[in-house]
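Colleague: sequence and predicted model, in that order:
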Amino acid sequence: MKHIQEFGSYAAGLGCEVLYDEQMSRHTTFRIGGPADIFITVNSISPLQKIYSRAFEEGIPVFPLGNGSDLLVADAGVRGAVVTLGSGFRKTSLISDTELECGAGAPLSSVCGFAKEHSLTGLEFAWGIPGSAGGAAYMNAGAYGHTVSEAITSCSHVAKNGQCVTFTRGQFDFGYRQSVYMKMECMIVSLRVKLKHGVKDEIGARMDDLLARRKSKQPLELPSAGSIFKRPEGHFAGALIQQCGLKGRRVGGAAVSEKHAGFIVNLGGASCDDVRRLIEIIQDTVLRETGVRLECEVKFVG
């Protein structure tokens with residue numbers, strides 16, 4: 001613990017906000033997760049590089065946290081350091097008439113709103129996805145037949161040794177809910193997206209329509225991590241789960257949503273163990289009754 005205290009003092013000396021034994025349930029959309037040994041909020045690139053470099057030298061594991069929207073954190077919490085990006089990484093700006101640069105900590109919804117205000121089309125599908133821009137790039141977030149990989153032109157990250165590196169098209173290894181970043185120890189800090197000129201009112205109408213569809217079909221009123229499972233080829237996970245009669249199935253405080261069977265929701269006081277057990281029940285039941293193996297989309301941490 002002394003090691004962590006010294007690391008925290010070092011981060012604080014760089015101007016970062018440092019918290020010890022911070023409950024991760026406060027930082028995930030599932031509202032689940034035990035304490036992180038140390039929770040660091042960074043507001044500029046230089047301190048972030050120094051933190052990663054120091055952690056690398058001292059063998060302290062670092063977990064980069066975005067908006068916490070696709071995570072299931074262990075009840076025992078996270079050992080080492082959790083690092084999140086503060087206000088200095090949440091800005092979006094125009095770098096050409098059709099290209100945006102945004103900090104990785106910017107909420108995806110704010111990037112979509114910025115694009116609309118500048119009459120740029122291509123991100124409407126992402127309106128309502130509850131993640132950060134960096135998290136969206138990390139997992140190649142998508143909806144309604146589109147993914148962010150269609151728009152991203154470059155992405156910068158801080159590597160585990162503290163170096164800042166920029167990837168461009170051809171280096172991302174984007175696939176369905178995957179990217180090269182899932183195989184790396186790094187933190188995305190900024191990205192650029194290329195869009196097209198559009199009509200502001202039409203863009204806004206499309207965003208409103210998609211958000212209304214989300215609200216009508218998804219349990220947005222309850223804590224969740226979004227879709228728990230990836231879409232199996234030729235099927236829809238929610239439909240398979242519903243077909244197996246699992247809507248409403250409950251373990252502790254976790255339940256399969258009555259509104260959309262592809263979601264597991266926290267009804268209040270759900271633990272990570274509750275969700276894990278429910279996931280296993282769903283996977284076993286769907287495999288037994290349909291022959292389809294469901295793969296988790298949510299990332300397990302801790």
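Modeller: The structure has been received and is ready for your questions. Treat the numbers as computed from the prediction; the structure is a model and nothing was measured. Numbering: from 1, shown residues only.

Colleague: not counting its neighbours along the chain, what's nearest residue 293?
Modeller: Closest residue in space to residue 293, ignoring its immediate chain neighbours: residue 287 at 5.4 Å, by Cβ to Cβ, 6 or more residues apart in numbering. C-beta here means a position set from N, CA and C on the backbone, and glycine is covered the same way.

Colleague: for the stretch 51-200 of the chain, which segments count as strands?
Modeller: Listed in chain order, the strands found in the stretch 51-200 of the chain under DSSP state E, counting those that start in this stretch are 62-65, 71-73, 78-85, 92-94, 99-103, 120-121, 142-143, 146-147, 152-159, 164-168, 186-194, 196-197.

Colleague: low-confidence ranges in the stretch 201-302 of the chain?
Modeller: Counting by pLDDT under 70, the stretch 201-302 of the chain contains no low-confidence residues.

Colleague: which parts of it are helices?
Modeller: Counting by DSSP state H, counting those that start in this stretch, the stretch 201-302 of the chain has helices at residues 237-243, 272-290.

Colleague: who does the shortest one touch, helix- and strand-wise?
Modeller: This means helix 237-243. Packed against helix 237-243 by the contact rule (3 or more Cβ pairs under 8 Å, 6 or more residues apart in numbering; DSSP states H and E) you find helix 272-290.

Colleague: quickly list the domain ranges of this structure.
Modeller: 2-87, 90-202, 220-301 (automatic domain parsing).

Colleague: go through these and name the closest to residue 212.
Modeller: domain 90-202 (9.5 Å; Cβ to Cβ).

Colleague: end to end on that closest one, go ahead and measure it.
Modeller: Start to finish, the residues bounding domain 90-202 are 26 Å apart (Cα to Cα, to the nearest Å).

Colleague: just stretch 291-298 next, same as before
Modeller: End-to-end distance for stretch 291-298, by Cα to Cα: 22 Å.

Colleague: what does that stretch contact?
Modeller: Stretch 291-298 has contacts (Cβ atoms under 8 Å, 6 or more residues apart in numbering) with 70-72, 139, 177, 225-230, 232, 235, 237, 240-241, 279, 282-283, 286-287.

Colleague: what does stretch 13-25 give?
Modeller: Residues contacting stretch 13-25 (Cβ under 8 Å, 6+ apart): 4-5, 8-9, 11-12, 31-44, 46-47, 50-51, 68, 73, 77-78, 82, 86, 301-302.

Colleague: check what pLDDT residue 4 gets.
Modeller: If you check residue 4, the pLDDT there is 88.

Colleague: element containing it, please.
Modeller: helix 2-13 (DSSP states H and E).

Colleague: for that helix, C-alpha coordinates in PDB please.
Modeller: Coordinates of each C-alpha in helix 2-13 appear next as PDB, following Å, rounded to 0.1, in the frame of the first residue of the first chain:
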ATOM      1  CA  LYS A   2       3.000   2.300   0.700                       C
ATOM      2  CA  HIS A   3       3.900   1.800  -3.000                       C
ATOM      3  CA  ILE A   4       0.500   3.100  -4.100                       C
ATOM      4  CA  GLN A   5       0.600   6.000  -1.600                       C
ATOM      5  CA  GLU A   6       3.900   7.100  -3.100                       C
ATOM      6  CA  PHE A   7       2.500   6.800  -6.600                       C
ATOM      7  CA  GLY A   8      -0.500   8.800  -5.600                       C
ATOM      8  CA  SER A   9       1.700  11.500  -4.200                       C
ATOM      9  CA  TYR A  10       3.700  11.600  -7.400                       C
ATOM     10  CA  ALA A  11       0.400  12.000  -9.500                       C
ATOM     11  CA  ALA A  12      -0.900  14.700  -7.100                       C
ATOM     12  CA  GLY A  13       2.400  16.500  -7.600                       C
END
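
Colleague: each with direction, which strands does whichever helix or strand comes after that helix pair with?
Modeller: Later in the chain than helix 2-13, the nearest helix or strand by DSSP H and E is strand 17-23. If you go by DSSP bridges, strand 17-23 pairs up with strand 35-42 (antiparallel).

Colleague: mind saving the C-alpha coords of the strand it pairs with as CSV?
Modeller: Output of strand 35-42 as CSV, limited to C-alpha atoms (Å, rounded to 0.1, in the frame of the first residue of the first chain):
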residue,chain,number,x,y,z
PRO,A,35,-12.8,0.1,-4.7
ALA,A,36,-9.8,1.0,-6.9
ASP,A,37,-6.6,1.2,-5.0
ILE,A,38,-6.0,4.6,-6.5
PHE,A,39,-8.2,6.7,-8.8
ILE,A,40,-6.5,9.4,-10.8
THR,A,41,-8.1,12.1,-13.0
VAL,A,42,-5.7,13.7,-15.5
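
Colleague: what lies in contact with it?
Modeller: With Cβ under 8 Å, 6+ apart, strand 35-42 has contacts from 1, 4, 7-8, 11, 16-24, 27, 48, 51, 63, 77-86, 88-89.
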